[in-house]
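Novice: I'd like to go over a predicted model; first the sequence, then the structure.
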Amino acid sequence: MKVAVWLALAAWPGWAHVMSMSSGDLTVDGARAHYELRMPLYEMAHVADPQHGLLDHIRFSTGGREAKRVADGCRTDRADGVYVCTADYDFGAPVESVDVECTLHAVTVPNHVHLLRAEMAGKRDQAVFDLSFTRATLRFRPPTPMEMAATESGAGFIRALGGSVQLLFLAALVLAARSRLELLALTAMFLAGQVVSALAMPYTGWQPAARFVEAAAALTVAYLAVEILLLPKAGARWLVAGVLGGFHGLYFHLFLQATGYQPRFVLAGAAAAEIMAIAIFALVFSRLKRAARALHPVEVSASALLVFGMMWFVLRLRN
């Protein structure tokens, strides 16, 4: 029972999209700037007052002085499936760098990611914002190799743990392992499948929709739960982990495509986060098994994961 409660609590904040992302373009010209925000229409169900709420959650400043928003407007672009907001800003004086504060996760979903691209006098910069990183400074200079590696691997680390579906799949992967050696094999194959999928997708010509990626991720959780409950002695579970890892790689393909980040850094950061999470889950479940053996914690946990996976799959098909 304790395991089921723990899993329910883990799932509670996850009634958010696995893939929740928006983009913005900022063009700076002297003391003026123009900003355009593009938000997928399916995100608008979470925004109470999009006409005002979205632009209020991204602010620009320089030298401690906040830019004044002098004009704004929003519209629905159904052809592209996005909600578009534009705004013009006045900094009061020409700027060399721009400080940005973005809290769009507060009006969308907790795991929302906003990619901001900026340009000034032919120089470009960009930043990625989420619940963990709400501030950044655009300096309009090429990042150093060290800055690039740290930023992009950090983004992969955060994205790997950015939603409850990802975390619950890793928990299911741990439950599916019947020994430490098998856990190592499952982990290795999952990571390999994820990497191959993310790297191969640009060459296939197929662009998976975000809704499909979310539904597929939910089914991976449910399928592993079925394996645990109905096929406790099934062989080649490592092969299943590799295939399911391929579905999770689709998420990173979309992220890499949206950000233009280098796959080696993003996937390395993601792998580090996933290995860490798997190790923590393995430690927690091993102690729960010893402490509550009579309550069949593996079966109870797998049942909870199955229910969550199927509910999430149906929810993503409907929304």
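Specialist: Great, that's in hand.
Novice: show me the shaky parts of the stretch 1-150 of the chain.
Specialist: Within the stretch 1-150 of the chain, the segments meeting pLDDT under 70 span 1-19.
Novice: no no, the stretch 151-300 of the chain
Specialist: 292-295.
Novice: mind listing the strands for it?
Specialist: Read by DSSP state E, counting those that start in this stretch, the stretch 151-300 of the chain holds no strands at all.
Novice: what about the helices in it?
Specialist: For the stretch 151-300 of the chain, the helices defined by DSSP state H, counting those that start in this stretch occupy 164-176, 180-200, 210-230, 237-259, 263-291, 297-318.
Novice: and the ones you listed: which comes nearest residue 88?
Specialist: Residue 88 sits nearest to helix 237-259 of all those, at 25.1 Å, using CB to CB. The way it works is simple: take the backbone N, C-alpha and C, and place the C-beta from them, glycine included.
Novice: any idea how far that closest one is from the chain center?
Specialist: Offset of helix 237-259 from its chain centre (CA atoms, centre = their mean, to the nearest Å): 12 Å.
Novice: I'd like the numbering to begin with 33 instead of 1 from here.
Specialist: Noted, 33 is the first residue going forward, which turns the last one into helix 269-291.
Novice: could you check the angle helix 212-232 makes with that helix?
Specialist: 30 degrees (axes from the mean of the first three to the mean of the last three CA atoms, to 10 degrees).
Novice: pull out the buried positions in helix 269-291.
Specialist: In terms of neighbour count (16 or more other CB atoms under 10 Å), helix 269-291 has its buried residues at 269-270, 272-274, 276-288, 291.
Novice: just to revisit the earlier point, what would the helices of the stretch 183-332 of the chain look like in JSON lines with distance to residue 141?
Specialist: Compiled in JSON lines, the helices of the stretch 183-332 of the chain are given as follows (distance: least, CB to CB, whole Å):
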{"stretch": "helix 196-208", "distance to residue 141": "11"}
{"stretch": "helix 212-232", "distance to residue 141": "23"}
{"stretch": "helix 242-262", "distance to residue 141": "12"}
{"stretch": "helix 269-291", "distance to residue 141": "15"}
{"stretch": "helix 295-323", "distance to residue 141": "19"}
{"stretch": "helix 329-350", "distance to residue 141": "13"}
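Novice: minimum distance to residue 181: which of the ones you listed has it?
Specialist: Set against residue 181 and scored by CB to CB, the helices of the stretch 183-332 of the chain come closest in helix 295-323, at 5.5 Å.
Novice: packing partners of the closest one?
Specialist: Counting contacts by 3 or more CB pairs under 8 Å, 6 or more residues apart in numbering; DSSP states H and E, helix 295-323 packs against helix 177-192, helix 196-208, helix 212-232, helix 269-291, helix 329-350.
Novice: right, so those: which one is the most enclosed?
Specialist: Most buried of those, by mean neighbour count (mean count of other CB atoms under 10 Å): helix 196-208, with a mean of 25.
Novice: okay, that one in PDB with CA atoms only?
Specialist: Extracted as PDB, the C-alpha positions of helix 196-208 are listed here (Å, rounded to 0.1, in the frame of the first residue of the first chain):
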ATOM      1  CA  SER A 196       6.300  12.000 -14.400                       C
ATOM      2  CA  VAL A 197       5.900   9.700 -17.400                       C
ATOM      3  CA  GLN A 198       9.700   9.600 -17.800                       C
ATOM      4  CA  LEU A 199      10.200   9.100 -14.100                       C
ATOM      5  CA  LEU A 200       7.600   6.400 -13.800                       C
ATOM      6  CA  PHE A 201       9.000   4.500 -16.800                       C
ATOM      7  CA  LEU A 202      12.400   4.400 -15.100                       C
ATOM      8  CA  ALA A 203      10.700   3.100 -12.000                       C
ATOM      9  CA  ALA A 204       9.000   0.400 -14.100                       C
ATOM     10  CA  LEU A 205      12.300  -0.500 -15.700                       C
ATOM     11  CA  VAL A 206      13.700  -1.100 -12.200                       C
ATOM     12  CA  LEU A 207      10.700  -3.200 -11.200                       C
ATOM     13  CA  ALA A 208      11.100  -5.200 -14.400                       C
END
